[in-house]
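Participant: quick check, what structure comes out for this input:
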Amino acid sequence: MQLAQGLQARGHAVAVLNVDDHAHRGLHAASGIPEYRLRLRNLYLRGDHPAPTRIGWHLIDRLGDRMAADYRAVLRDFRPDVINTHVMAGIGTTIWRVAAAWGVPVVHRVSDYYLMCLNSGHRKKGANCTGVCRSCRALALAPARRRTPLVRHVIYVSEKIRSIYDCSDVFPRDVPTTILTGAYRPERPVAPRPDLLEPDRLTIGFFGRISPEKGLEQLLTMLRTLPGDSWRLRVGGDGRSDYVNQLKELARDLPVDFLGVQAPDDFYATIDTLVVSSLWDEPSGRVAFESGIHGVIPIVAARGGLPEMVAHGERGLVFDPDAPATLLAAIARVRGDRALRERVRARWLIDRHDYDPDVVAERTLAIYERLVEARL
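Facilitator: Modelled structure (predicted):
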């Protein structure tokens, strides 16, 4: 949304195409960006379903072209000079085929594992994948490879996810690529904050979707080994009620507050450090740079692109989820090392520039302009 708004603010005509359980054409209320909301032509939109139904959904999504006529109608009406695809589940690579037939160059932003993994998470049975399994190779990677040559430029959100895609040869090696992280600007200016909210206790945050691969359960287990008067944990976010209730029971006798969905500006102002305890290979880890921009010290798992978000230790600390002692050491260091806290905050005051929506919009626009000029 911030990218679309940034491009629109520069005088460009921007529209967003998405899918839902209903159709809508007009302004997106929250952003003011014109949208083409299309009814998804598949077995379901979301929710839990039996395995055969899920397989049928993927076959339609990845092998079918049910949405082609809808996409052609959008292109006929909006007539874009360039198309930038993002999350593809539900959209499918049909949009690339339609764009190529119209001679419109496509930029694809890779922020998940959709093109090589059926569940888009590169994770199976509680473990991260090291390659591509047989089912994903047949139903995800092989169909994707037939159309990835239609993409003219690939934007990866981290070097790590680019390396994972390169190992599986998802895109042809001659397709140009760029590393460009997400955009973020707080809703209001970040107010000056005390060094620590409580001098004798560290206030730790966990922020985002609550699900097993995010590692909150393991975080609670590790925190239990610390003296209860030296820390407290604030959990912002939500997930499946049965799983959240299970975690609440696990933390019943601990200094932990489950706050539900929170606005980033409000939440980050109430913590000293944020632990991003992901067990899966997060492609980027938005909350890592969000928290740093708010003056919070990020502590991130050595998974996916998360270490890159803290410059491998220069803008926060990195721990190994398989070695609990490394997280406890990182928490102790944040609590006891004022010079570290000052150094990390000072670095974020400089590096936050790279995440500013205006900067990200300009860098993305430069890619679009090169592609459009190549067509002339």
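
Participant: wait, T177 sits on V154?
Facilitator: Yes: at 4.7 Å, T177 counts as touching V154 under the criterion of C-beta atoms under 8 Å. Using the backbone N, CA and C atoms, a C-beta is placed for each residue, glycine as well.

Participant: tell me the residues that contact both of the two, please.
Facilitator: F171 (C-beta atoms under 8 Å, 6 or more residues apart in numbering).

Participant: who has more neighbours, those two?
Facilitator: Comparing T177 with V154 by other C-beta atoms under 10 Å, the one with more neighbours is V154, at 21 against 15.

Participant: pretty sure that one sits against V110.
Facilitator: Yes: using C-beta under 8 Å, V154 is in contact with V110, at 6.2 Å.

Participant: what ranges do the strands span in the stretch 51-200 of the chain?
Facilitator: For the stretch 51-200 of the chain, the strands defined by DSSP state E, counting those that start in this stretch cover 83-85, 106-110, 123-124, 127-128, 153-156, 177-179.

Participant: now those in TSV, with distance to M1 and mean pLDDT?
Facilitator: Shown next, in TSV, are those (distance: least, C-beta to C-beta, whole Å; pLDDT from 0 to 100):
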stretch	distance to M1	mean pLDDT
strand 83-85	13	98
strand 106-110	14	98
strand 123-124	27	94
strand 127-128	29	94
strand 153-156	16	98
strand 177-179	20	98
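
Participant: that's a strand at L259, yeah?
Facilitator: Yes: according to DSSP: H, G, I helix; E, B strand; the rest coil, L259 belongs to a strand.

Participant: tally of neighbours for it?
Facilitator: L259 is flanked by 16 other residues according to other C-beta under 10 Å.

Participant: with A30 instead?
Facilitator: Residues near A30, counting by other C-beta under 10 Å: 7.

Participant: from here on, call the first residue 871.
Facilitator: New numbering, starting at 871: the last item is A900.

Participant: that one: what's it in contact with?
Facilitator: Contacts of A900 (C-beta under 8 Å, 6+ apart): M871.

Participant: helix or strand: which one has it?
Facilitator: Using DSSP states H and E, A900 falls within no helix or strand.

Participant: that one and M871: what is the separation?
Facilitator: 7 Å (C-beta to C-beta, to the nearest Å).

Participant: pLDDT averaged over stretch 1100-1111, what's the number?
Facilitator: Average pLDDT, stretch 1100-1111: 97.

Participant: where do the domain boundaries of the protein fall?
Facilitator: Listed by automatic domain parsing, the domain ranges of the chain are 872-1053+1226-1245, 1072-1224.

Participant: work out the gap between the longest one and the centre of the chain.
Facilitator: Going back to what we said before, that points to domain 872-1053+1226-1245. Per C-alpha atoms, centre = their mean, to the nearest Å, the displacement of domain 872-1053+1226-1245 from the mean C-alpha position of its chain is 13 Å.

Participant: how about the nearest residue to S1081, chain neighbours excluded?
Facilitator: Leaving aside its chain neighbours, S1081 sits nearest to G1109 (5.1 Å; criterion: C-beta to C-beta, 6 or more residues apart in numbering).

Participant: mind listing what the one you found touches?
Facilitator: R1079, I1080, S1081.

Participant: my guess is the second one meets G1107, correct?
Facilitator: If I follow you right, that is I1080. Yes: counting by C-beta under 8 Å, I1080 does reach G1107; the two are 5.2 Å apart.

Participant: where are the low-confidence patches of the stretch 921-1070 of the chain?
Facilitator: Along the stretch 921-1070 of the chain, the model assigns pLDDT under 70 to no residue.

Participant: give me the element G1174 is part of.
Facilitator: Counting by DSSP H and E, G1174 is part of no helix or strand.

Participant: gap between P1013 and A921?
Facilitator: Taken as C-beta to C-beta, the span from P1013 to A921 is 19 Å.

Participant: who has more neighbours, these two?
Facilitator: P1013 (19 against 7).

Participant: not counting sequence-adjacent ones, nearest residue to the more buried one?
Facilitator: R932 (4.6 Å).

Participant: what is the burial count for A1121?
Facilitator: Using other C-beta under 10 Å: A1121 sits among 21 other residues.

Participant: go on, E1152?
Facilitator: So E1152, with other C-beta under 10 Å, has 28 neighbours.

Participant: in stretch 936-947, what's buried?
Facilitator: Counting neighbours by 16 or more other C-beta atoms under 10 Å, one finds that the buried residues in stretch 936-947 are M937, A938, D940, Y941, V944, L945.

Participant: skipping adjacent residues, who's closest to the second one in space?
Facilitator: Distances taken as C-beta to C-beta, 6+ apart place T964 nearest to A938, at 5.2 Å, with adjacent residues excluded.

Participant: who are the neighbours in contact with that neighbour?
Facilitator: G934, D935, R936, M937, A938, Y941.

Participant: how about a cut-off of 10 Å?
Facilitator: Neighbouring residues of T964 by C-beta atoms under 10 Å, 6 or more residues apart in numbering: 931-942, 958, 1017.

Participant: for L1020, same thing?
Facilitator: L1020 is in contact with T963, I965, W966, R967, V968, A969, A970, A971, P975, V976, H978, V1045, counting by C-beta under 10 Å, 6+ apart.

Participant: next one: L1090
Facilitator: Counting by C-beta under 10 Å, 6+ apart, L1090 makes contact with F1076, L1103, V1105, L1117, K1118, L1120, A1121, L1124, V1126, S1147.

Participant: what helix or strand is the third one on?
Facilitator: Pointing back at V1105 there. Here V1105 is assigned to strand 1101-1106, by DSSP H and E.

Participant: show the subsequent helix or strand relative to that strand.
Facilitator: Downstream of strand 1101-1106, the first helix or strand assigned by DSSP H and E is helix 1111-1120.
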